[in-house]
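Q: everything below, folded, please.
(chains A and B)
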Amino acid sequence: MLRFLVRRIVSALGLVFVVSMVSFLLIKAPPGDYADYAATLAQSQGGLSYEQSLVLKQEIRERLGLNKPLVEQYVHWVEGMVLHGDFGPSYVFNKPVGELINDRFWRTLGIASTCHVLATLIGVGLGIIGAVYQHRWGDRIASTIAFLGMTIPRFFMALVILYWLAFVVGYQYIGAIYSREYIFAPFSFAKLWDLFKHVWPIIFVAAFGGLAYNMRVMRGNLLDVLRQPYIEAARAKGLPGSTVVLKHAVPNALHPLIMYQGIAMPYMLSGELEVAIVLGVPTVGPLMLDSLYRGDIWVTATIFLWLSVILVVANFFADVALGLIDPRVREAGSV
Amino acid sequence: MRKYFFTAATAALLTGFAASVSADDLKGPIPYPMPKQVATTKPILVPYDLLFHYGTLPKYFEPAWVSELVKAGKLPPVEQRLPPVPLIVDTSMTADGVGQYGGTLRHVIGGRPQGWNWIAGQNQGYGGTEHSTMMCLVRTGPMWMLTPEKVEPLPQLAKSWEWSKDGHDLTMHLIEGAKWSDGAPFNADDVMFAWDDNIADPNVPAWTKAGAFGDGTSLQKIDDNTIKWTFKDAFPVTTIYQMALNNFCPGPAHILKPLHPKYNKNATYDSYLKALPPDHLPAVTMGPWVPVAYKPDQIIVMRRNPYFFEVDDHGNQLPYLDEISFKLSTWEDRTIETVAGTADYTNMEDPNLYLESLKKAAEPGFPNNLYWSVRSLSWRVDFNLSTVCGVQSDADKAKRDLFRKFDFRRAISQGVDRDSMSQSLVRGPFVAPFAGGLHVETDFFKPESVVYYPYDPATSKALLKQLGFQPGSDGNLVWGSGTLKGQPLEFTMTYGSHPAYALLADSFISMMHELGIKIVPQPTQGDGEQDIQETCKWDAMLWRGDRPYTVPLAQLQDLAPLSPKAPQWHQGTADKPQELLPFESTLIDILNKVRTEPDGAKRAALLNQYNHVFTQNIYTVGLVTVPAALITNKRFKDVPAGAPVLAWQWSEDNTIRERMWIKPEDQAQVPELLPGEMPGVN
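A: All right, here's what the predicted structure looks like:
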């Protein structure tokens, strides 16, 4: 088991390294950098002439090292991270990237975790209904919900909700996590309720998209389990139907879903990012997109890195869990 | 030999054919179809000396809660906080008259503050933040509301100025006895620190560069309240426009000097440029409001500056509003929230939102007033005219030579159906055809200055034929001669990521397709088009024109080849200047006259002359011009109708927000976030 763990850790670290390098190259590939962004602003906001803006660009590039070779920039960034825990500066925000992302990361993780829990619970619940009432109305309704969740793109659903809330309903709680009057207020249930009023559209859209897979897997597994002889035996013993399903069938149908949780969390996280971008809620998503637009490269690169770490860590735990319950996986991993 | 013979024969035939295309076959030019103004309310214009002037009044007033702080000994009396001669702002020619104190204004912005060291180039998030804190030598925003006899920069930190007889010296008299928001005195040392240690210091990325004030320009302190500019040219009057927001707005030297490496051995330029981050509060400003609270990604709150140097003409210290807040969100959210009623103020400049917002405005209970202003935005297609920058191959050279031909630019221009394009952008009367050049609803513009080539594909096709292009097998035009002979007439068009760009690019590409010209779209993200533009490695570029084309005096340098890197569609290099087209020399002459012409009426005439030459030669291919709208919540009084979203400045300066107010009975609709808080006091 130890060799298995070591192998998984080494390959996970390698993967993170490769992801960081590829994402850095991708970020640098399109034309435009922070100097272009700053010079554009100086032109439009400050009335700087085009020629003067070119001078400003060169000064910014020299000062920030943006004109150095790509390899040098990348190595400098990795060196800062490994040796000093420094993810680089955010040029736009004029503060360290670690501090900047930290402000938003826990918010993002909290919302994504909520989506994850809800998507799992509701998805499993609908899966049970679908299996128990197979080919009946309960199954049809649950399957329709799952079908819609799987097929409607999350960004589209977010756009529709945004339009409906902003232009049809005139909803007052969009584009923030708190109303102005609660931002400086100490914690209270009223503040928590205000938070919910702002984030429910994200939770709704991301969880709706996420529950579909849980529902389909749970339904399929449960149908298989319900056909097993020991279930027939339980029924033959005269146990009530609900006891047979919930006590004997459901626990045996959950295994694949538990394994799925390892990759579901990154899926939820990306869902949260996508929806938050559309709705303009200040979590990591809009920050990532804005940093791409503004050439704030270390912010983008660090977010990509963190997301890949989460994906790798979640998969690592899923692998370990699988190794623990399945000796064949363990043995194969230690070869 | 045979090959050359046939080539020569074909060329001769083509030339013969071309000669057969007479001027009668070409339609236009015609008088410019001047669009009807969208703005329905006539602005109230105010004489220069009445709008802002320095003077004294018998008595000064302040909000009651501020008087309580004075009584408690926490603040000096208002007479001592104000300068002996404050800046008096007129209220006699406003729609709602003298204001009343109290209330809050809720902004939403898409930017994020870098900090409060603005003189070193830090931004504060835009969208009105800068206009709340940065006070400059002169003020240009409200110039749009001046009566025509004198439209010049208004006083701000410089209360007056005069030219020497020879026109090489400009002496400016600064406001006397004014104080920063922490009570420290403001004087010429603040101005000199801004110039010597920021604008003229190459290590500091200030909002402007010393070169923007003219080569060889110097500034010196005469005494605590007087500074003197010395210029190489005589009467460079347009330089005064460079002394407004965001260019020459001094920061507090008493705070910043100890942080600057010149005065502190332990400081570095890196530490100086990062000094005064957003959470370093309260910030120290000369503006009407002072940043006092900040939550990253959520909000900035500013409260009234007890030392602000402006009063209304009844002696009330401004601003009327006690508080102003900036929710940190997205630019799109700014309009969405204002329309929904959760914010108070937006510049609606995204044509995609016009119809939806108008529909909402027609509903009963709509919480806002919507003020359309002049058409101050335009889109155009620039063709790269440079023969010395970014030319990498014979093909590039051939294309640049083509772009430099007037007949080609005319063919393109007359192939653009601007009416259809306008309607495809926004249905209705908002968008209008644009011939290129200067914007059509400015105070100096005369429609007869425009040489307008109307939509006529037949003319375009005739011109292209005359240039030697023939239809290929697929119907697209092919080059008839030169290095690209037999190859399709094809070029790239670079454009930005905003939805309006994509929509206009699609229209333009399909219209060019009708002429047989293939355009390869090159959309960019972020500010990628800036990067491409700088390298000169582009054929055509779809571009939005704003400030320089509405108020050309603000950015004259961008309008003709006055330097090797301007205009952006005809750049030279450091060692090879542009090869000028004949009409470009005329444009340069005109702009040089504009730069040193003290008479406003003569400057206006010169600008119309410039526009005539520009549009006659189709220097760039204009597409459409659009208005923008200011949306403010109905609680606010004295929002000047017709205030442009963007002219000399953005609307946040144009509306004179320190003069906007809310009736006491309406103030409770939106409570202040930090009532009673006074920067530096509690």
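Q: if I look at the closest residue to chain A within the stretch 51-200 of chain B, how far off is B:Met143?
A: Nearest residue of the stretch 51-200 of chain B to chain A, counting by Cβ to the nearest Cβ: B:Gln114, 3.9 Å away. (C-beta placed from N, C-alpha, C; glycine too.) If you measure B:Gln114 against B:Met143 using Cβ to Cβ, to the nearest Å, the figure is 28 Å.
Q: spell out which residues of the stretch 101-250 of chain A are next to chain B.
A: Within reach of chain B by Cβ under 8 Å from any Cβ of the partner chain, the stretch 101-250 of chain A has these residues: A:103-104, A:162, A:166-167, A:170-172, A:174-178, A:180-181, A:183-184.
Q: phi, psi for the residue of the stretch 51-200 of chain B closest to chain A please.
A: In this entry, B:Gln114 is assigned phi and psi values of phi -90, psi -30 (degrees, to the nearest 10).
Q: surely it is in contact with B:Pro278?
A: Yes: B:Gln114 sits in contact with B:Pro278 when judged by Cβ atoms under 8 Å, with a separation of 7.3 Å.
Q: what touches both of the two?
A: A:94, B:124 (Cβ atoms under 8 Å, 6 or more residues apart in numbering or on different chains).
Q: which parts of stretch B:473-492 are buried?
A: For stretch B:473-492, the buried set under the neighbour-count rule, 16 or more other Cβ atoms under 10 Å in any protein chain shown, comprises B:476-481, B:484, B:488-492.
Q: wait, I meant stretch B:71-87
A: B:75, B:78, B:81-83, B:85-87.
Q: give me the pLDDT for residue 335.
A: The chain I'm using is chain A. A:Val335 is assigned a predicted lDDT (pLDDT) of 41.
Q: please go with chain B instead
A: Among the per-residue scores, B:Thr335 holds a pLDDT of 87.
Q: try B:Asp350
A: Looking at B:Asp350, its pLDDT stands at 84.
Q: contact residues of the stretch 101-250 of chain B facing chain A?
A: Applying Cβ under 8 Å from any Cβ, one finds that the stretch 101-250 of chain B approaches chain A through B:106, B:108, B:112, B:114-115, B:121-123, B:126, B:130, B:202-203, B:205, B:207-209, B:211-212, B:241-242, B:244, B:246-247.
Q: just the buried residues from those residues, in PyMOL please.
A: Selecting the buried subset of those in PyMOL, with 16+ other Cβ under 10 Å as the burial test, is done by:
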select buried, chain B and resi 106+108+112+114+115+121+122+123+126+130+203+205+207+208+209+211+212+241+242+244+246+247
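Q: and the longest helix for chain A?
A: Longest helix of chain A, by residue count under DSSP state H: helix A:189-226.
Q: the helix or strand following it versus helix A:189-226: what angle between them?
A: Next helix or strand after helix A:189-226 toward the C-terminus (DSSP states H and E): helix A:229-236. Using axes from the mean of the first three to the mean of the last three Cα atoms, to 10 degrees, one finds that helix A:229-236 and helix A:189-226 are set 100 degrees apart in direction.
Q: pLDDT weak spots in the stretch 101-250 of chain B?
A: For the stretch 101-250 of chain B, applying pLDDT under 70 flags no range at all.
Q: and the stretch 201-335 of chain A, by the same measure?
A: Residues of the stretch 201-335 of chain A that meet the criterion pLDDT under 70 lie in A:262-263, A:265, A:322, A:325-335.
Q: what of the stretch 1-150 of chain A?
A: For the stretch 1-150 of chain A, residues meeting the criterion pLDDT under 70 lie at A:1, A:46.
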